[in-house]
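Visitor: quick one, what's the 3D model for this:
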Amino acid sequence: MTRIDFYTGVANKLQTACLLSQKAMQNGMRVLLHTPDEAMAAKLDALLWEYPPTAFIPHCRSDAAEASDTPVLIGHHREPFAHSELLISLHDTHLPFFSRFERLIEIVSTDEHDTRRGRERFGFYRERGFELRHFDLSSKNK
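Guide: Below you'll find the predicted structure:
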């Protein structure tokens, strides 16, 4: 069953996604960063070329020819995906294919709408019996 982690109180969802991707990659995990649209995918792709300033996160689009050999993928399309290890969702609703992944990370910002939608997703997963963990990052934003 998919293990689900919620990271809440996030000031910048894209930077947090980069940080969590880097940590996962350092721990030998493959990551799919899933965005709601091409515009956010493009922003995330550009940010990953600059983050972190002293290292490199190998990444590509999920539909690229080299996707099966790349540790961090960015996508906004539906399946198929090159792996099923870690899904980092940047959506405001649950993804219909999340349970195909070993682990899911939901990132929730401090925005009121995003917080409300995050609570709805948390309830959705809890009602279905998924193992949930919560990490409040709001104190790190100060």
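Visitor: buried stuff in the longest helix seen in the chain?
Guide: Ranked by number of residues, the top helix in the chain under DSSP state H is helix 112-127. Using 16 or more other C-beta atoms under 10 Å as the test for burial, helix 112-127 gives D114, R117, G118, R121, F122, Y125. For the C-beta atoms, the positions are set from N, CA and C on the backbone; glycine is no exception.
Visitor: and stretch 5-16, by the same measure?
Guide: D5, F6, Y7, T8, G9, V10, K13, L14, T16.
Visitor: mind putting the residues you listed in TSV, distance to H77 and pLDDT included?
Guide: Listed next are these as TSV, based on distance: C-beta to C-beta, whole Å; pLDDT from 0 to 100:
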residue	distance to H77	pLDDT
D5	24	98
F6	24	98
Y7	24	98
T8	27	97
G9	29	96
V10	24	96
K13	20	96
L14	19	96
T16	22	96
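Visitor: so which of the residues you listed is the closest to P53?
Guide: Closest approach to P53 among those (C-beta to C-beta): L14, at 15.3 Å.
Visitor: three-state assignment of that closest one?
Guide: Per DSSP: H, G, I helix; E, B strand; the rest coil, the secondary structure class of L14 is helix.
Visitor: wait, it sits on A41?
Guide: No: contact criterion C-beta atoms under 8 Å: L14 and A41 do not qualify, at 10.4 Å.
Visitor: neighbours around E106, how many?
Guide: The tally of other residues near E106 (other C-beta atoms under 10 Å) stands at 25.
Visitor: identify the bridge partners of it.
Guide: E106 forms beta bridges with F6, S89, as assigned by DSSP bridges.
Visitor: distance check, it against F135.
Guide: 10 Å (C-beta to C-beta, to the nearest Å).
Visitor: overlap in contacts, these two.
Guide: Counting by C-beta atoms under 8 Å, 6 or more residues apart in numbering, the common neighbours of E106 and F135 are D5, F6, Y7.
Visitor: what residue lies at the spatial centre of this protein?
Guide: Centroid-nearest residue in the chain, with C-alpha atoms, centre = their mean: I88, separated by 1.7 Å.
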